[in-house]
Structure formats: structure tokens, C-alpha cells
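>>> Pasting the sequence and the predicted coordinates here, then a few questions.
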Amino acid sequence: MILLVAALVARTIVPTADIPTTLADPCAIFDRPEIRASAPRLITVSDLVGLADIGRSDPHETPSPFGISPDGKDIAFVVRRANAKENRYCQKLMVMPVDAANEPRELDRGGVLIRNDFELRKFVSVMAGSAKVITPRWSPDGRRIGFLKQEGKTSQVWLVDSAGEIPASRATGMPDNVDDFAWTESGEALVVATRPGIRVQAEAIAKEARSGFLFDERFAPDKADYPIPIEPVSYEYNTVALETGTIRQSTLSEIARLRPERPEGVPQNARGFAKGSDGAVAWRQPLRPLELLSPTGLTVQQADGRILRCEERCSGTKQIWWSVDGSSVYAIQKTGWGGSQTALLRWKRGATAPRRIMVTDDALVGCELAGKELICAREGALRPRRLVAIDPDTGRERLIHDPNPAFGRIILGKTQRFKFRNSYGVESYADLLRPPLHTKGAIHPLVVVQYHSQGFLRGSTGNEFPVQLLAAKGFAVLSFARPDFVPAAMAGESELQLGKANRAEWIDRRNVHSSLVMAVEHAVNTGIVDSSRIGITGFSDGTATTQWALINSSLFKVAALGTCCEDMSAFPLAAGPTFTQYGRDIGYRFFEPGAEDHWRPLSLVLNVDRINVPILIQSPDSEYEGGLDVVELYKHRGKAIELYVLEGEPHVKYQPAHRQATYERYTEWFQFWLMRQISCDPAKAGQYARWMAMKDAPKAVELRCENAASILP
């Protein structure tokens with residue numbers, strides 16, 4: 001997104017200096033050929049930070065990052081890798097045959113990371129730390145490929161020759177970000193979607209700066225020091241002629257190429273639909289229409305108007321397609337214990353119900369039908385994302401491209417999945433990752449990460465904590481998936497009802513804690529975990545889980561947080577009027593009689609005398625104020641606590657240099673407290689001096705340099 005306020009609003013009252021940017025190509029470090037014949041080795045922080053991504057870096061539902069050529073023979077995609085040294089991203093547009101007959105060819109590189117933005121409460125555009133999914137789109141004749149790229153302040157459509165003979169060039173120059181685009185039928189123009197209303201409101205806010213901003217519902221101090229647009233905005237659609245550059249308002253038929261019209265008979269509450277070649281249509285429909293979080297089933301309306309429904313058997317349907325010949329409907333389904341698995345369904349015409357073609361613990365991301373195959377990004381607990389083609393009639397799979405071939409020589413530990421019901425009867429699961437060099441009889445300290453456990457065990461939610469790096473350092477790592485809400489909350493008909501149900505008697509926190517304790521018990525019962533050396537991490541909702549666990553159990557001896565904290569004072573002040581009011585609406589008490597009694601089960605501030613667990617916080621600069629009461633109080637009481645603030649970061653951190661620094665620091669923190677181990681790097685001496693001065697820290701004579709026999713001097 002564009003900046004929400006014009007540059008004149010940005011003022012500073014303290015001296016600042018910018019680190020000079022370099023002209024170095026962030027892709028250069030990745031252009032060196034892989035040494036595939038080298039000896040097997042353990043993973044490094046650089047391996048984890050520089051992992052190649054196609055589409056989103058997490059394994060959740062997403063638009064497809066794959067562009068299939070009109071003849072179905074080629075696939076285009078953008079590969080993204082983080083370069084921590086340059087604190088930039090290497091981004092390459094690649095094209096290759098779907099049959100994998102040749103290696104990918106690079107058509108373009110460069111541009112800054114285009115980040116997602118999203119609506120949040122009243123705020124119409126809040127910047128995320130996650131990357132926007134860039135879907136290359138082929139021209140109707142297959143000679144050109146369009147894609148989004150940002151060089152400067154806005155993201156625009158760029159075009160490149162699909163044969164690679166002509167360099168890429170910018171095709172649009174809209175005053176706002178191009179959010180999405182499509183080719184016209186002739187291929188002579190582009191239909192682009194923008195949201196000018198965001199810019200218009202930002203410009204109006206910029207003018208307010210001269211007389212001062214009224215602190216009102218537009219403020220969220222943990223996101224900006226100025227108002228954020230809250231007036232609803234809509235998309236505008238314009239058609240850009242490629243030959244002349246002229247811009248006009250798009251026609252309804254042109255808009256339909258970008259936003260297909262809902263077919264007749266498809267209900268308004270349908271969550272996605274697919275049209276067959278003969279007029280038949282399939283859609284995903286809530287099984288319990290009144291419930292906000294209702295799972296979706298599958299409905300098929302045949303060409304003659306007959307309707308077939310698959311409900312509980314198809315619960316969790318996420319994506320649907322018709323086969324090329326119109327004989328079958330295919331669907332991706334979230335299924336299994338606690339929604340931990342992915343299934344592929346085929347509903348053949350004439351059959352009364354779909355048949356399950358395959359089911360896997362792996363995640364299938366951004367699937368797109370290409371001819372008779374589904375093109376998907378597939379990743380497993382120990383295998384990073386790769387491009388595969390799946391026959392949806394048989395489930396047979398073939399590899400198209402592995403963007404991370406170096407992982408073939410990296411030694412990873414084994415995983416074990418635990419499935420159980422918590423004390424509220426809610427299905428729960430967690431994955432235990434053993435150290436790659438684990439030997440029979442060895443017992444390891446444990447680190448818990450949360451709160452999703454799907455796909456490659458990389459950084460958990462927000463990509464915040466280095467799962468594989470911790471395992472390589474000798475920790476057992478428990479990847480904990482928070483359970484669904486309790487049934488009373490799942491039945492909520494609105495976000496407000498859901499929030500109230502979850503906050504009643506802190507039922508959601510109790511529900512999650514029950515699953516967490518059971519998951520840890522399962523891990524300890526394997527015999528490879530030292531129950532006296534267990535650490536816990538928390539980020540976003542996981543921070544509240546960690547707070548509750550530190551107050552209501554004695555399992556954990558050390559903690560690390562990616563944000564802090566959900567508490568009674570600093571939290572509402574940093575959140576601002578809109579979020580504070582929402583908190584009150586769902587049952588929180590802020591600055592009112594009885595507030596302390598309400599917060600006592602969760603508040604680190606009110607339980608300071610009960611907690612003697614060392615806490616490391618690495619917070620974005622947009623959110624650190626929300627934990628200052630905790631940090632100040634704990635330091636004043638002599639507790640072991642340390643706060644780092646990461647500049648220019650939103651809720652989910654995205655800068656490569658910060659990712660590498662936080663990964664290293666989290667690892668060193670757990671090594672220090674749970675292993676009595678430190679880095680041998682002299683540059684880290686100041687860090688360890690601070691930590692050794694903390695309450696109950698190990699003495700110098702107890703500490704050893706990592707992989708060294710000598711005692712710390």
C-alpha cells in the first residue's frame with residue numbers, strides 16, 4: 001500500500017541517521033550454483049532466513065501464485081528469498097514447462113517487497129508483514145506475461161516477453177497501487193483494480209497535520225502516530241490501453257474478467273464457486289449458515305437445474321474446480337483430527353457423493369488446475385515448499401520444481417505427531433521435532449512454539465521462532481497447534497458474539513492451556529525430554545497463551561515473546577480508542593472498578609511476585625509500547641527480562657536483517673538458560689554480561705562456549 005499520510009506529516013524531534021543503501025543485487029548471493037555433492041550438514045540461520053518462497057511463506061489458504069500459459073504447457077511464478085546482509089528480498093519471475101522438461105528460466109528480477117494490507121476493525125488499510133501473492137498472468141496469445149512489481153512508491157503492472165527476448169517494462173502508471181489486474185479478451189489492454197479512496201483520505205489527514213490531529217477513533221498508537229483512514233473504500237476498475245496508455249472506466253464485461261459474476265442459483269453466502277463448461281456450477285456453502293465460523297460443504301447444480309449437496313462428508317472444503325471435460329468436480333479439503341490434514345476430493349458426475357482421492361499431513365498451497373493436473377505448492381513437516389503436479393483422478397504426483405534443492409543435504413530431525421482431546425473435549429494436536437543428532441537414551445531440553453503446526457516446521461505463526469535451528473542446536477521442539485474454540489464460542493453468529501463467548505470466565509485461555517499442558521505431557525512421556533528444562537515462546541495470540549501458562553503452571557523455566565503483552569494498562573493505551581472499545585464490548589475491563597479482579601488470571605503485572613521466569617521480548621516498534629508496563633515493573637522488581645525493539649516493523653516482522661538477528665537471539669537465549677551454553681563470538685560479550693547479571697542466571701564457571709570444551713574465561 002501507499003503510505004497512509006503524505007511525507008510532510010513525517011517529522012522527528014530527535015536526531016536520526018539513515019544507513020546508506022547499497023546498489024548490490026540482493027539476488028547475487030543466491031546465483032551461485034548449488035554444491036549438491038557436498039557432505040550432509042546441520043541447518044544454519046542463513047539457510048532458514050534465505051529459504052525460497054513461492055507465494056505466501058505460511059502454508060495457509062491463499063490465491064494461487066502460479067500463472068498457467070493459455071496452451072497449458074508453461075507455468076510462471078515469482079520466487080522470493082530474503083537477503084539478511086542487504087536487508088532486502090531477491091525476487092525473480094521464472095517460467096518453465098509444466099512437464100518439467102527444462103529448468104526454470106529467469107525473465108525478470110528486482111523490485112521491493114509488496115506487502116499485504118488488510119481491513120482491521122474500522123481501519124480500511126493496515127499494512128501487514130506478509131508478502132502479497134504475485135500471480136503472473138499470461139496474455140491471451142501467450143506472448144507476454146503481466147505481473148505486479150514495485151519500483152518506487154506504488155505497485156504497478158509490468159509486462160515481459162514470455163520468450164525472454166525483451167526485458168520487462170512498466171505497463172501502468174496509476175496514482176494508486178494496482179491491487180489486481182486482468183487481460184482484456186483481445187490482449188490489447190489491461191483491466192486494473194485500485195482503491196483511490198485510501199489516498200484521498202490520507203491526503204485529507206495530511207492537511208490536518210498543520211493544525212493538529214484530534215485523538216479519536218481513527219487512532220491506533222501501536223500502528224501509527226497519526227489518524228488511519230476509516231471511511232469505507234471501494235475498488236475502481238480502469239482499462240489501460242497498452243499501445244497508447246489511455247485510461248478509461250472499465251465496462252461490466254471487462255470487470256467480470258477480474259471479478260467473475262456470481263452465476264444464477266449461487267446463494268449470496270457462498271464462499272467461492274466454479275463454473276463448468278456446460279452451465280453446471282459448484283460452490284462452497286456454510287453448513288450452519290448462522291454461525292460465523294461454520295465449515296463449508298459442497299453443492300453442485302447440474303446443467304438441468306438438479307442440485308446435489310455434500311455436507312458433513314465435505315466439511316472443510318476450501319477450493320473447487322471443474323475438470324476440463326466437465327465430468328468431475330475437484331475439491332481441496334481441510335480435514336482429519338483437529339483439521340490437521342489435507343484431502344483431495346473428486347465428485348464424478350452421476351455419483352451421489354465425492355470420493356476421497358488422497359489425504360496427507362502435508363499442506364497443499366495455492367493449487368491451480370492446469371489441464372488434467374492440479375499444480376500445487378506442497379510442503380511437509382521436514383520438507384520445504386516445492387512445486388508438484390497431482391493427478392486429481394488418481395492422486396499420483398510428480399515433481400515440477402524444487403526451489404530449495406540445498407535442503408537435500410541438510411540433516412533434519414524426526415517428527416512425531418500427538419493427537420488428543422483436551423479437558424473441554426476439543427480435538428488437539430502437536431508435533432514433536434527431535435534434534436537431528438539425537439541418539440538413543442539422550443534427553444533434551446524442550447522449547448514450545450505456537451500456535452499453528454502445518455506444513456514445513458519453519459518459524460511457526462508469523463515465522464517468528466526458528467524451529468529447525470533450535471532442533472539443530474540440540475533442543476527438542478514442540479510445535480503446538482492451538483485448538484478450535486470451545487463449542488459455545490464456535491456457535492457464535494457474529495465476531496462480537498464469538499469474542500464475548502471466548503472471554504467469559506477466560507474460557508478460551510483455559511481451553512488452549514488445557515491442550516498445551518497435554519501436549520507437553522505427551523512430549524515428556526516420549527522419554528527424550530527433560531521436564532526440568534522446558535521453555536516456551538509466544539507471538540500474537542500465542543503471547544496470551546504464554547502469559548496464562550506462566551501464571552497458571554510451573555512447567556516453563558524460560559520464555560521468549562515476539563510481542564508483549566495483553567494486560568490491563570499499557571495494552572489499551574497502545575491499542576487506541578477503537579480497539580479499547582471493542583475490548584469492552586467483548587467483556588474486558590479497562591480503568592474501571594473491578595478491572596484488577598478481571599485481569600488477575602492473565603496479567604503479568606498483577607502476578608509479578610509469582611513469576612520468576614526469564615523473559616526475552618523482541619517486539620516491532622509499532623507494538624512495543626503495549627508491554628512497557630510489564631518491562632518496567634519486572635526490571636524494578638529485579639526480574640530477568642529484556643526487550644528489543646525492531647524498527648519499521650508491523651505486527652508480523654518482515655525485514656530479513658531483523659529475521660536473522662531475532663532467530664540468533666532467541667536461540668542464544670534458550671541455550672543460555674536451558675543449556676548453560678553461549679556463543680564464542682566476542683561481539684556477543686555485552687549480551688552475555690547483561691544476561692549473567694540477571695536474577696538466577698548461571699554463573700560464568702557454569703557456562704561453556706557452544707561446541708567448545710573450554711570454560712568461559
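In hand now; what should we look at?

>>> next helix or strand past the helix or strand hosting Arg665?
Using DSSP states H and E, Arg665 sits within helix 656-670. Per DSSP H and E, the first helix or strand lying C-terminal to helix 656-670 is strand 677-678.

>>> Contacts for that next one next, please.
Under the criterion C-beta atoms under 8 Å, 6 or more residues apart in numbering, residues Glu668, Gln671, Phe672, Lys684, Tyr688, Leu703, Arg704, Cys705, Glu706, Leu712 lie in contact with strand 677-678. (Glycine included, C-beta is placed from N, CA and C.)

>>> show me what contacts the fifth one?
With contacts defined as C-beta under 8 Å, 6+ apart, Tyr688 is in contact with Phe672, Ile678, Ser679, Leu703.

>>> you'd agree Val701 is in a strand?
No - using DSSP: H, G, I helix; E, B strand; the rest coil, the secondary structure at Val701 is helix, not a strand.

>>> Show me the beta-bridge partners of Arg309.
Bridge pairing for Arg309 (DSSP bridges) gives the partners Thr299.

>>> State the number of residues packed around it.
For Arg309, the neighbour count with other C-beta atoms under 10 Å is 13.

>>> next one: Lys73
There are 14 residues near Lys73, going by other C-beta under 10 Å.

>>> which residues touch the residue lying closest to Leu399 once chain neighbours are set aside?
Excluding the flanking residues, the one nearest Leu399 by C-beta to C-beta, 6 or more residues apart in numbering is Val388, at 5.8 Å. If a contact means C-beta under 8 Å, 6+ apart, then Val388 has Ile375, Cys376, Ala377, Arg378, Glu397, Arg398, Leu399, Ile400 as its contacts.

>>> measure the spatially closest residue to the second one that is not a sequence neighbour to Ile19 for me?
Spatial nearest neighbour of Cys376, chain neighbours left out: Cys367 (4.1 Å); criterion: C-beta to C-beta, 6+ apart. Cys367 sits 41 Å away from Ile19, going by C-beta to C-beta, to the nearest Å.

>>> which of those two has more neighbours?
Neighbours were counted for Cys367 and for Ile19 using other C-beta under 10 Å; Cys367 has more, 24 against 7.

>>> any idea which element that one lies in?
Here Cys367 sits within strand 363-370, counting by DSSP H and E.

>>> same thing with Gln450?
Using DSSP H and E, the element containing Gln450 is strand 444-451.

>>> Could you check how many residues crowd around Ser423?
By other C-beta under 10 Å, 12 other residues sit near Ser423.

>>> Same question for the one 5 residues further on.
The burial count assigned to Ser428 is 25, neighbours taken as other C-beta under 10 Å.

>>> Give the helix, strand or coil label for it.
Once three-state DSSP is applied, Ser428 turns out strand.

>>> Let's verify the residue lying closest to it once chain neighbours are set aside: helix, strand, or coil?
Spatial nearest neighbour of Ser428, chain neighbours left out: Ser515 (3.9 Å); criterion: C-beta to C-beta, 6+ apart. Classification of Ser515 using three-state DSSP returns helix.

>>> Report the contact partners of Ser515.
Here Ser515 is in contact with Phe420, Asn422, Val426, Ser428, Ala430, Phe480, Arg482, Pro483 (C-beta under 8 Å, 6+ apart).

>>> Of the residues you listed - the most surrounded one?
Those, ranked by neighbours (other C-beta under 10 Å): first place Phe480, 30 neighbours.

>>> Okay, the residue nearest to Ser428 and Leu382: tell me how far apart.
Separation of Ser515 from Leu382 (C-beta to C-beta): 23 Å.
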